[in-house]
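Trainee: take this sequence and fold it.
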Amino acid sequence: MLSELKKINFTVGTLIHKMSEISVFSRKGIEVYLDISRDKMELGARGPLSSFAKPALKKINPLLRNEKPVEVGEEKVVVSTWLPPIPSRPFERAVKNEVNTYLLGRNYPQAVSLNISECSLYCDECNILGDGSQLETELVERFIGQAQDLGAISIGFAEGDPLLRDDIFDLIRQVDQERSIVNVFTPGPHMNKDNASKLKEAGVHAVITGIKSPVPEEHDEARGLEGAFDAACSGMVNAVEAGLYVSMHVHVKPGLVETDKVREIYSLAEELGVHELTLWDTHPTWGYKDNTEIMLEPRHREKLLDLRKKANNSNEGPRVFYNGYFESEDFFGCMAGKRWLNLIHNGDVTPCTYVPITFGNIKKDSLKEIWRRMNRFKGLKGKRSCVMQDIDFREKYIDPYEVSELPINYQELK
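Mentor: Have a look, this model is predicted:
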């Protein structure tokens, strides 16, 4: 069945004769547009006020140039499963947020994740501690509204498995999709054809499913469930066939690079017909925070950067998104507490999925105040790569605490 899937691969060259320029947004004194030609895809600005936007566009454009989009339509481009379509209101908000960040020094929680669900797997490395059923629907709905008011362009229903929540489709519909895209992270066992169709009908932008290894037995062992690999693959196929964008997600450990299994995973993504392979540096955190031997070294990251470059300049196979490139100091830097915030099972809010520090609880505090606390916290200031891979940050803020003490209250930190 998998080999019969039709896969359509797009490069910048396929845009020729379809479109040459798309208006992203236009206001008095300024227009931002996406310029597409045979050998480039980049944002531009014109008008008397265009100089204010150009520094922000300069930061975004390296991520667009010489890249392979996920999809090209007659009236839109989907660069990545992680980004809103161009043009769209959420993408317009993203550009405005970046311009304001440059001009005013103001941070916006553009990416918002919700780790509030139960799970049917027993992973050896899990980013959740607790039972998602503790958080009431009304609280989650209020959180979503407040996050969008603060500037969210992407709402991600993440770990454990959102499809286990009885209210998941109601929560998805609660998102104002004129302001934010919706992504759903699922390990796969419950991504049947019916649920895939319901997600599509609810307006979900993309489905993200994790793969631990291209070897089924190794994936099953890591997930703690026999048949987990087949379930993940079938779930991704169901999502593709339902018309959803799909990203295969990999937390990359040294062994996957050293044995070249990461390239086998890329081949698997191509076989399944998914739109994107997402590579994410492994961050030891939560219940496995002391397993620092799973962190990548520079030599591993160089190979991932090479894989990304080759894949995204090829006419074949899915595109590759690598967070080590996107969050490098050359581009956006670490997003935790600056462009990203995360809600966990008990209502605590952390800077991202991986930083186990709480800055407040939505049962008591407004999200606006929690966001202000994150922005004032000196440990997250400055432009640098992922703080959870920063030895000094870990030694100062994370290592002194036991797993049983997580999440760490920010008020205890100096």
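Trainee: show me what the lowest-mean-pLDDT helix or strand in the chain is packed up against.
Mentor: Every helix and strand in the chain was compared by mean pLDDT, DSSP states H and E; the lowest is strand 21-27, with a mean of 79. The contact analysis (3 or more C-beta pairs under 8 Å, 6 or more residues apart in numbering; DSSP states H and E) places strand 21-27 against strand 30-37, helix 89-104. From N, CA and C alone the C-beta is placed, and that goes for glycine too.
Trainee: I'd like the distance from the longest one to the chain centre, please.
Mentor: It refers to helix 89-104. Relative to its chain's centre, helix 89-104 lies at 18 Å (C-alpha atoms, centre = their mean, to the nearest Å).
Trainee: sorry, back to before: in CSV, list the helices and strands packed on strand 21-27 along with mean pLDDT, distance to residue 230 and mean neighbour count.
Mentor: CSV is the format used below for the helices and strands packed on strand 21-27 (pLDDT from 0 to 100; distance: least, C-beta to C-beta, whole Å; neighbours: other C-beta atoms under 10 Å):
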stretch, mean pLDDT, distance to residue 230, mean neighbour count
strand 30-37, 82, 39, 18
helix 89-104, 88, 34, 19
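Trainee: in which helix or strand would I find the residue nearest the centre of the chain?
Mentor: The chain has residue 82 as the residue nearest its centroid, 5.3 Å off, counting by C-alpha atoms, centre = their mean. Using DSSP states H and E, residue 82 maps to neither a helix nor a strand.
Trainee: same thing with residue 113?
Mentor: Short version, using DSSP H and E: residue 113 is in strand 111-115.
Trainee: can you name the next helix or strand after that strand?
Mentor: Next element after strand 111-115 (DSSP H and E): helix 137-149.
Trainee: which residues of the stretch 101-250 of the chain score low on pLDDT?
Mentor: 130-134 (pLDDT under 70).
Trainee: share the number of residues neighbouring the nearest residue to residue 212 once chain neighbours are set aside, please.
Mentor: Once flanking residues are discounted, residue 212 sits nearest to residue 222: 3.9 Å by C-beta to C-beta, 6 or more residues apart in numbering. The number of residues packed near residue 222 is 21, by other C-beta atoms under 10 Å.
Trainee: ditto for the one 3 residues further on
Mentor: Residue neighbour count, defined by other C-beta under 10 Å, stands at 17 for residue 225.
Trainee: mind checking the backbone torsions on the closest residue to it other than its chain neighbours?
Mentor: Using C-beta to C-beta, 6+ apart and skipping residues adjacent in sequence, the residue nearest residue 225 is residue 121, 5.3 Å away. The phi/psi pair for residue 121 (degrees, to the nearest 10) reads phi -100, psi 170.
Trainee: from residue 143, how far out is residue 121?
Mentor: Noted for residue 121: a distance of 25 Å to residue 143, by C-beta to C-beta, to the nearest Å.
Trainee: kindly report the same for residue 225.
Mentor: 30 Å.
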